[in-house]
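Visitor: A predicted structure for the sequence below; I have some questions about it.
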Amino acid sequence: MGSPKPHLVIFPSAGIGHLLPLVELAKRLSEGHGLSVTFMTCQWMFPSHLIAAFSEAMASASLDITFVQLPPAEVEIEGAEHMKIETRLAKIMEKSKSSVEMGLRSLIDSAAPVSAFITDFFCTAMFDVTEKLCIPTYVFLTSTASLLSLMFSIPKIVSEIPISFKDADFPVEVPGLPPISSRDMPTPLQDRSDEAFFWFVHHFSRLREIKGVLINTFEELETEPIKALAQGNRSINPTYGDRIPRVYPVGPVISSSPFESPDKFLEDGQVDCLNWLDNQPPSSVLFVSFGSGGVLPKAQVTELALGLEASRHRFLWVLRSTPLRSFNSGEKTEPLELLPEGFESRTRDQGLVVPSWAPQIPVLSHPSTGGFLCHCGWNSTVESISHGVPMIAWPLFAEQRLNKFLLVNEFQVAIETEMESDGFVRREEVERVVRELMEGGGGKRVRSRARELKEAANTALQGGGSSYTAMAAAVSEWRTNAENSAGVIPSS
């Protein structure tokens, strides 16, 4: 009789940007390593039709991936409309613990023991559940090793600094990184009087409880942060404090089904942008997109539009008026209504504005695409690096300012956008950075570097590569867990 097949449970956080990388991870583990995966979600996270679409796609591909959407639970939070998204999400997760526990107990009663529970760092509340059920727990970080190094450092750092980062004017020391400006710290950490600050530090502190962290990066991209994290796993680091969990750099994890959108209906009419790209010269088009959650105010849309127009370079612009899968409902504006009067008619031979969504990977891999003006979200960043496309860095929120610092200074694949103190970017600056990327000396340098990293990313994923080896090590650990019958429910 052979060894038992490892059975993993994946539990994502809310948000398309957190869901899609974990779906791709599940596909890689099932298809490439023969593992059985149960993808568990709560009903408040995603629409049922979206989960059903993923389930059908996995079944049609004959992958051993089952999607389970837990029954509705009471997750209403008093005063939620006044909370930042990070606070609201943390409190809803706390209220969802009993539902997840019932789901896991039912799963273990009817299936093989759970070899590992893989979740998002926003879901540390579930550590209580998995500890109770004796299930080895891991986090999949949809961001950088640099951010993970910061996560392990933050509890000690904030205990020694009495003021908020937003009021500070000094560099922050993090293992494996050069000094980082306090203004480049993640948005929820900027104001220590905000409840979101408490929850972020809470999440970071709890990461020490788990078995390991899978990261959507690769050694050749973040050599020093990964080295520091590995050292922190082997011994006590003065900045990290206690020994930290093992890290597995397994990226880049990007979609292998490039025409899949979060909703198939979004594809209707949007693939026209690929036909438009087919008629443009090689490397001539700047792709402009701020991710699934990036929405610019009307005044900023105007400045961006006029800057693009003045640059005289071709552009493909995905314009969104509300975040995709917005947590909050409200009045919605048609994206094209945000544009300056006459803009589309004046630029009809120069560019194309696409409302809400475009197939990002086909756009980035298209030979006509020569650059990417983006929000520095990590999913978009690794997709751009994987396709050798240089960037213009325009961070909006979350850890995107830290990513901007890395893209410009460490990875050297992006041109930085100079912003005013409130984050506003004038049309003259838009014109400058577009011209620099598409025709200037700085653009030539970052384009060459992007091509180098594309090759490094591809090599990392191949047999014997750094990410392939890291994934194999994690899978080996889960096979051992399966053989030891990890995840058996203790007696009540």
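Guide: Nice, thanks for sending it over. Residues are numbered from 1 along each chain as shown.
Visitor: which regions of the stretch 351-492 of the chain lie under the pLDDT threshold?
Guide: Low-confidence segments of the stretch 351-492 of the chain, defined by pLDDT under 70: 485-492.
Visitor: what ranges do the strands span in it?
Guide: 351-355, 369-374, 391-393, 414-416 (DSSP state E, counting those that start in this stretch).
Visitor: now those strands in a markdown table, with mean neighbour count?
Guide: In short, each C-beta sits where N, CA and C put it, glycine included. Conversion of the strands of the stretch 351-492 of the chain to a markdown table gives the following (neighbours: other Cβ atoms under 10 Å):
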| stretch | mean neighbour count |
| --- | --- |
| strand 351-355 | 20 |
| strand 369-374 | 26 |
| strand 391-393 | 25 |
| strand 414-416 | 25 |
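Visitor: so who does the residue lying closest to Arg234 once chain neighbours are set aside touch?
Guide: The shortest distance from Arg234 to any residue other than its chain neighbours is 7.6 Å, reached at Arg243 (Cβ to Cβ, 6 or more residues apart in numbering). Shown here is Arg243, whose contacts under the criterion Cβ atoms under 8 Å, 6 or more residues apart in numbering are 232-236.
Visitor: Any chance of TSV for those, columns neighbour count?
Guide: What follows is these, written out as TSV (neighbours: other Cβ under 10 Å):
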residue	neighbour count
Gly232	25
Asn233	16
Arg234	10
Ser235	9
Ile236	11
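Visitor: Among the residues you listed, name the ones in helices.
Guide: Secondary structure assignment by DSSP state H places 232-234 of the contacts of Arg243 in helices.
Visitor: of these, closest to Leu214?
Guide: Top of the list for closeness to Leu214, among those and by Cβ to Cβ, is Asn233 at 13.6 Å.
Visitor: just to revisit the earlier point, out of the contacts of Arg243, which two sit at the greatest distance?
Guide: Comparing every pair within those by Cβ to Cβ identifies Asn233 and Ile236 as the most remote, at 10.4 Å.
Visitor: ok so, going back, from the contacts of Arg243, which single one is nearest Asp167?
Guide: Using Cβ to Cβ as the measure, the one of the contacts of Arg243 that approaches Asp167 most closely is Gly232, at 29.1 Å.
Visitor: Could you report the distance from Met45 to His18?
Guide: 9 Å (Cβ to Cβ, to the nearest Å).
Visitor: Low-confidence regions, the chain specifically.
Guide: Low-confidence segments of the chain, defined by pLDDT under 70, span residues 1-2, 111, 236-241, 256-271, 324-331, 485-492.
Visitor: Next, give phi and psi for Ile10.
Guide: Backbone torsions of Ile10, given as degrees, to the nearest 10, read phi -110, psi 130.
Visitor: re the thing from before, Lys404: which of the strands of the stretch 351-492 of the chain is closest?
Guide: Here strand 391-393 is closest among the strands of the stretch 351-492 of the chain (Cβ to Cβ), at 4.3 Å.
Visitor: Tell me which residues are up against that closest one.
Guide: By Cβ under 8 Å, 6+ apart, strand 391-393 touches 286, 371-374, 376, 381, 384, 403-404, 407-408, 413-417, 433-434, 437, 446, 450.
Visitor: in stretch 33-49, what's buried?
Guide: Buried residues in stretch 33-49, counting neighbours by 16 or more other Cβ atoms under 10 Å, are found at 33, 35-46.
Visitor: and which of these is nearest to Ser181?
Guide: Out of the buried residues of stretch 33-49, the member with the shortest distance to Ser181 (by Cβ to Cβ) is Met45, at 34.1 Å.
Visitor: got the residue ranges for the helices in the stretch 101-250 of the chain?
Guide: Counting by DSSP state H, counting those that start in this stretch, residue ranges of the helices within the stretch 101-250 of the chain are 126-132, 145-160, 195-206, 223-234.
Visitor: quick one, which of the ones you listed is packed in tightest?
Guide: Using mean count of other Cβ atoms under 10 Å, the stretch among those with the largest mean neighbour count is helix 145-160, at a mean of 21.
Visitor: now the angle from it to helix 195-206?
Guide: Angle of helix 145-160 versus helix 195-206, following axes from the mean of the first three to the mean of the last three Cα atoms, to 10 degrees, is 110 degrees.
Visitor: list the helices and strands helix 145-160 packs on?
Guide: Contacts defined by 3 or more Cβ pairs under 8 Å, 6 or more residues apart in numbering; DSSP states H and E place helix 145-160 against helix 195-206, strand 212-215, helix 223-234, strand 246-249, helix 400-405.
Visitor: Which strands or helices does the third one pack on?
Guide: In this case it means helix 223-234. For helix 223-234, the contact count by 3+ Cβ pairs under 8 Å, 6+ apart identifies helix 145-160, strand 246-249 as packing neighbours.
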